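*Asks:* Next comes the sequence, and after it the predicted model I'd like to discuss.
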Amino acid sequence: MKKTIYIAIIALFGLCSCSKEKLNPVPSNAVSDTQIFSSVASAQTALNGGIMWIGYAYTNSLGTIMSEVMGEDALMTTGGYGIDTYNWNLYSYTYSQVPESDPWWFGYSNYIWQYDYMGIDAANNIIAYVTDMPDEAGKENVLGQAYALRGFMFLRLARLFAPAYSTNPEAPSIILRTTPANAAVEHLGRASLKATYEQALKDLDYGRQHCSAASRDYFTPKSCALFMARAYLEMEDWANAKKYAEEAASGVFDGSNLMSQEEYRAGFKDPNNEWLMYYTFNPTTSNYYASIPSFYYLAAAAYSADENGKADINDTEYLDTPWEDEFFEDPLYGYSTVRWTKRFRDTFEDTDCRKLFPFYFFEEDGWFTSKFSHRTMVGDADFALARIAEAYLIKAECEAHNGTGAKSVLNALQVARGATPTEATLENIYLERRKELYGEGFRLHDIKRLHQPLDRTKDIEHWATVNQLPADSPRFMLPIPEVEMLYNKALTNADQNEFWRK
């Protein structure tokens, strides 16, 4: 996917959701909206600029990893065992997020909010100016992509900044901006979860019907269907969740459309037939150290590891490079700051291809994972946004609620991964979600939608002071950024998420 963004396009979409910029006259050398949308090709460039925010480090990396380390299976290294924490997601793990943006590592909500709304504004501009585009080949796809992008972003924001839909559909969610950013539309209140999900589903359904199926590094009908199934699952609409999961998987649930065990063990970096949508990273577009593999991955194996997986931190051979200063001259392995608990690792059988926890240095610091790796340099690895395995899990969960068919679907996934088939109880399906989707940004959202408490007390690796939270805790939501609260005149202190109200 070419994501080249011209300065003029960036300027157009530079208005974040809470901009306080004054309205200045357009300079004579500026590119007007009419010019930008004068052809499908130029609108495609604008679309690329919007889709860029899906994979941006301050949205994709932060939001994905945040959703894992705020759970109980993953954690951050303390920085006391040979590798620094670098602050990235440390304060997500410790539940120390704040609405302010200074210092930046305490206020990640500001970045996720701002840049996702920039993606939404890119989509809104395409939708608003589509009538100015001539009827050329590709126009329908560009418009479908814009709607799908907006729906995707609405859902991504709602999952982080609002409670679970099933808690209260009328609870305040996010701000539904459906027109291009300007001073008049910046002052809007928070929409209800019901309104947000209705808009997101409407947008994704438009994308499902109008996006091309040609390129999986853009939205396709099947990826839109899976995102719709994901939303309906959170709404506990089992019939529709099952319907769109089946559409995403083309009605095939015998394991034949899943990636092979060899592909899984190779580390997620290259698209395969199971990936319905992915974000393209390469040496040009890479987020480098800020990429998702950077935070997870150190090495696929440690030459010094004993039969229990313990490696000697002083053994430099496993890195294929000296340990100290020269390690940071070779960016192949990244920050490697996220760990996994032994208890979670032990839920996998040795025959399960998903058991990708090659070694640990210290028992108290947790295990590394090699599920996400690199090609030739750090960050040079495509990221899966939608996989058919999720459709299996959604269908199994819906059928477990309906009382029919769940076992065959769940067992097909388990057999494909090299695991022993189990009964299709809801608890087994929930566990299978954790094992299949770990590291991909699902855990916090499952804790919320399943009304589960946070309990880290069973694991010696967890060192955060916040080790227990009750089900439906307000701390599972991120704060609405301070700058939005300050400059959006439609908001008052009562509109801030509960834990951060002053």
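*Replies:* That came through, no problem. Numbering: from 1, shown residues only.
*Asks:* Settle this for me: Pro99 is touching Ile480, isn't it.
*Replies:* Yes: if you go by Cβ atoms under 8 Å, Pro99 and Ile480 touch, sitting 6.6 Å apart. For the C-beta atoms, the positions are set from N, CA and C on the backbone; glycine is no exception.
*Asks:* joint contacts of the two?
*Replies:* Ser109, Gln496, Trp500 (Cβ atoms under 8 Å, 6 or more residues apart in numbering).
*Asks:* Among those, which lie within helices?
*Replies:* The members of the shared contacts of Pro99 and Ile480 that map onto helices under DSSP state H are Ser109.
*Asks:* The shared contacts of Pro99 and Ile480 into JSON lines, with extra columns for neighbour count and distance to Met235?
*Replies:* Compiled in JSON lines, the shared contacts of Pro99 and Ile480 are given as follows (neighbours: other Cβ atoms under 10 Å; distance: Cβ to Cβ, whole Å):
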{"residue": "Ser109", "neighbour count": "28", "distance to Met235": "24"}
{"residue": "Gln496", "neighbour count": "20", "distance to Met235": "25"}
{"residue": "Trp500", "neighbour count": "20", "distance to Met235": "26"}
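*Asks:* give the contact list for the nearest residue to Arg159 once chain neighbours are set aside.
*Replies:* Once flanking residues are discounted, Arg159 sits nearest to His445: 5.1 Å by Cβ to Cβ, 6 or more residues apart in numbering. Residues counted as contacts of His445 (Cβ under 8 Å, 6+ apart) are Ser67, Arg159, Glu234.
*Asks:* From Phe442, how far off is the last one?
*Replies:* Distance check for Glu234 against Phe442: by Cβ to Cβ, to the nearest Å, it reads 11 Å.
*Asks:* repeat for Met66
*Replies:* With Cβ to Cβ as the criterion, Met66 and Phe442 are 12 Å apart.
*Asks:* Same check on Met133?
*Replies:* Using Cβ to Cβ, we find Met133 at a distance of 37 Å from Phe442.
*Asks:* How about Tyr58?
*Replies:* With Cβ to Cβ as the criterion, Tyr58 and Phe442 are 20 Å apart.
*Asks:* Between the two, tell me which one has more neighbours.
*Replies:* The neighbour count for Tyr58 versus Phe442, taken as other Cβ atoms under 10 Å, is higher for Phe442 (22 against 18).
*Asks:* surely the more buried one meets Ile65?
*Replies:* No: checked against Cβ under 8 Å, the pair Phe442 and Ile65 is beyond contact range at 11.9 Å.
*Asks:* what residue ranges in the stretch 301-450 of the chain are flagged as low confidence?
*Replies:* The model of the stretch 301-450 of the chain has pLDDT under 70 over residues 303, 315-332.
*Asks:* could you pull out the strands for it?
*Replies:* Per DSSP state E, counting those that start in this stretch, the stretch 301-450 of the chain carries strands over the ranges 338-340, 383-387.
*Asks:* Deepest-packed of these, please.
*Replies:* The highest average neighbour count among those, using mean count of other Cβ atoms under 10 Å, belongs to strand 338-340 at a mean of 26.
*Asks:* Report all helices and strands that that strand contacts.
*Replies:* helix 62-69, strand 74-76 (3 or more Cβ pairs under 8 Å, 6 or more residues apart in numbering; DSSP states H and E).
*Asks:* What lies in contact with it?
*Replies:* Strand 338-340 is contacted from outside by 65, 68-69, 73-77, 89, 295-296, 357, 360, 365-369, 438-439, 461, using Cβ under 8 Å, 6+ apart.
*Asks:* Please repeat the previous calculation with a cut-off of 6 Å.
*Replies:* Residues from elsewhere that reach strand 338-340, judged by Cβ atoms under 6 Å, 6 or more residues apart in numbering: Ala74, Leu75, Thr77, Phe295, Tyr296, Phe357, Gly366, Trp367, Thr369.
*Asks:* Now that Asp217 has come up, it's in contact with Asn282, right?
*Replies:* No: with contact defined as Cβ atoms under 6 Å, Asp217 does not count as touching Asn282 (10.8 Å).
*Asks:* Comparing the two, which residue is more hemmed in?
*Replies:* Asp217 (18 against 14).
*Asks:* At which residues are the strands of the stretch 151-300 of the chain located?
*Replies:* Remark: strands assigned in the stretch 151-300 of the chain by DSSP E, counting those that start in this stretch are 275-279.
*Asks:* Give me the domain ranges for this protein.
*Replies:* Following automatic domain parsing, one finds the domains of the chain at 7-212+454-500, 281-370.
*Asks:* Per-residue pLDDT of Ala471, please?
*Replies:* On the pLDDT scale, Ala471 is placed at 98.
*Asks:* Pull the number of nearby residues for it.
*Replies:* For Ala471, using other Cβ under 10 Å, the count is 14.
*Asks:* Contacts only, for it.
*Replies:* His451, Gln452, Pro453.
*Asks:* same deal with Val466?
*Replies:* Neighbours of Val466 in contact, by Cβ under 6 Å, 6+ apart: Tyr95.
*Asks:* Just read off the phi/psi values of it.
*Replies:* In terms of degrees, to the nearest 10, the main-chain angles of Val466 are phi -90, psi 100.
*Asks:* My read is that Met259 contacts Trp275, right?
*Replies:* No: Met259 lies out of contact with Trp275 (Cβ under 6 Å); the separation is 7.9 Å.
*Asks:* if we can go back for a sec, let's have the contacts of Ala471 in TSV, adding neighbour count.
*Replies:* Shown next, in TSV, are the contacts of Ala471 (neighbours: other Cβ atoms under 10 Å):
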residue	neighbour count
His451	12
Gln452	17
Pro453	12
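*Asks:* And the pLDDT at the most centrally placed residue in the chain?
*Replies:* What sits nearest the mean C-alpha location of the chain, by Cα atoms, centre = their mean, is Thr64, with 4.1 Å. Here, the pLDDT recorded for Thr64 equals 97.
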